[in-house]
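J.: turn this into a structure:
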Amino acid sequence: MRELLQDRVVLVSGGTQGVGAAVARAALREGACVVVTGRRADVGSAAADELAREHGSHRVEFVQTDLADVDQARASVTATVERFGRVDGLVNAAGLTSRGSLLDTTPELLQQHLSVNLVAPFFTMQAAVEDMRRRGAPGTIVNVLTMSSHGGQPYLAPYVASKAGLAGLTRNAAYAHRFDRIRINGLNIGWTETPGEDEVQRRFHGAQDGWLEEASAALPMGKLGQVDEIADMVVYLLSDRSGVVTGSVIDWDQTVPGAHD
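T.: Numbers count the residues shown, from 1 in each chain. The predicted structure follows:
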């Protein structure tokens, strides 16, 4: 059976850890060549080396990118085209999740969230669509969003603002480029088990050892979202198997917005 992304070129922003790293691994498994971006050279190089050992160095590239810098965000697409000749798929998986409420968020914190979570995806999408249209080729884009884009907790005000904006942009861009055969979709993921989430829980919420087991036991499925399962969904949306779907922002979680006892 042919792999879902055979001979595709996929760029994964924030692809060196967490959900992004899982997406990169899944895309490679399904036959793609993959470029991953990240801010830290040591983490990115180590992640790329690991993926290269698994799938071959000729199929993996790391591009150091600070997504807070628009020029670097766009340059990651340019680097992908220079390395592999084109970009067929883009996954915006990077995300800043530091806490802030309406009352205590500073202009600097809000700007950080907007820069990484909204402005960077805007311009990576712009550059990727430009490449696809230049070649007259179809393409796919998946934006990793959050269930919090529906409203979220009070301490996530800047995060919610930026991700809700990205959800709207996803629909807008999908409509604008539907006749270019460029499909653009988003995935609202819920509470997800990652090393980064462990750090967030300990730093901002005073979590102690055992918090993950306690939190998992209180959830309907008995676990937090798993990055490999999310990655499989992202790969499906990148692939032709997802058919004509575009402009969809899909809730990928075990909570049901609007439902309550």
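J.: mind checking which helix or strand of the protein has the lowest mean pLDDT?
T.: Within the chain, no helix or strand scores below helix 195-205, which has a mean of 83 by mean pLDDT, DSSP states H and E.
J.: same question for that helix: list its buried residues.
T.: Residues of helix 195-205 classed as buried under the neighbour-count rule (16 or more other Cβ atoms under 10 Å) are Glu197. Every residue, glycine included, has its C-beta placed from N, CA and C.
J.: could you identify the helix or strand that succeeds that helix?
T.: Read in the C-terminal direction, the helix or strand following helix 195-205 is helix 211-217, with elements assigned using DSSP states H and E.
J.: which residues touch the least confident helix or strand of the chain?
T.: For helix 195-205, the surrounding residues in contact (Cβ atoms under 8 Å, 6 or more residues apart in numbering) are Gln17, Gly18, Thr97, Arg99, Tyr155, Trp191, Ala207, Gln208, Trp211, Leu212, Leu224.
J.: now that helix, how far from the centre of its chain.
T.: 19 Å (Cα atoms, centre = their mean, to the nearest Å).
J.: any chance you could map the strands in the protein?
T.: Taking DSSP state E, the strands of the chain run over residues 9-13, 33-38, 60-64, 89-92, 139-146, 182-189, 192-193, 225-226, 249-252.
J.: make CSV out of the contacts of helix 195-205 and add pLDDT.
T.: Output for those, formatted as CSV (pLDDT from 0 to 100):
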residue, pLDDT
Gln17, 91
Gly18, 93
Thr97, 89
Arg99, 93
Tyr155, 95
Trp191, 87
Ala207, 82
Gln208, 86
Trp211, 89
Leu212, 89
Leu224, 93
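J.: nearest to Ala46, of these?
T.: Closest approach between those and Ala46, by Cβ to Cβ: Gln17, at 9.8 Å.
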